[in-house]
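>>> sharing a model prediction with you, sequence too.
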Amino acid sequence: MKKFTDWYQSSALVIGALTLMAIAYYQRREMTLLKEENKKYQLEVQMIQGGDIQRENITDSMQVVIDSMYAENLINEIELNRYKVAYEIFLERNRKAAEEYGTIISNETE
């Protein structure tokens, strides 16, 4: 019985090792094929993208304009929020004058 168990264990070990080697071989072969296909695809994509350089430059310049407009808008939003807070404080301290100031802004500055 002991000999049978030893033989079974060694056979299972050999079969397992051979199975792992076969799996590794097929995975490596598949990876090689996928890499070759990826290189071919990347070459096609580069050729398509490189054909319209002016369009890409326009897109980049538009992004720069959008970013700069966002930066300017952020500064204006911060300043506007400061005015809102100051107006609320002004309302608390001198309600009549603040209401008159609000009327001037909403009616006489259009």
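Arrived safely, thanks for sending.

>>> got a pLDDT number for Arg93?
Per-residue pLDDT puts Arg93 at 91.

>>> repeat that for Arg29.
86.

>>> can you start the count at 30 instead of 1 from here on
Sure, I'll start counting at 30 from here, so that last one is Arg58.

>>> tally of neighbours for it?
10 (other C-beta atoms under 10 Å). In this view, the C-beta of every residue, glycine as well, is placed from N, C-alpha and C.

>>> could you say which helix or strand contains it?
helix 31-79 (DSSP states H and E).

>>> after that helix comes which helix or strand?
Following helix 31-79 in sequence, per DSSP H and E, is helix 82-122.

>>> so which elements touch that following helix?
Where contact means 3 or more C-beta pairs under 8 Å, 6 or more residues apart in numbering; DSSP states H and E, helix 82-122 is packed against helix 124-132.

>>> output the contacting helices and strands for the helix it packs on.
helix 82-122.

>>> the helix it packs on vs helix 124-132, what angle?
150 degrees (axes from the mean of the first three to the mean of the last three C-alpha atoms, to 10 degrees).

>>> relative to Ile104, how far out is Ala97?
To be clear, residue 97 is Ser; Ala isn't right here. 11 Å (C-beta to C-beta, to the nearest Å).

>>> got it, and Lys113?
15 Å.

>>> who are the packing partners of the lowest-mean-pLDDT helix or strand in the chain?
Using mean pLDDT, DSSP states H and E, the weakest-scoring helix or strand in the chain turns out to be helix 31-79, at a mean of 75. Contact partners of helix 31-79 among helices and strands, from 3+ C-beta pairs under 8 Å, 6+ apart: none.

>>> what angle separates it from helix 82-122?
90 degrees.

>>> any idea how far helix 31-79 is from the middle of the chain?
33 Å (C-alpha atoms, centre = their mean, to the nearest Å).

>>> ditto for stretch 106-117
Taking C-alpha atoms, centre = their mean, one finds stretch 106-117 lying 33 Å from the centre of the chain it belongs to.

>>> run through who's touching it.
127, 130-131 (C-beta atoms under 8 Å, 6 or more residues apart in numbering).
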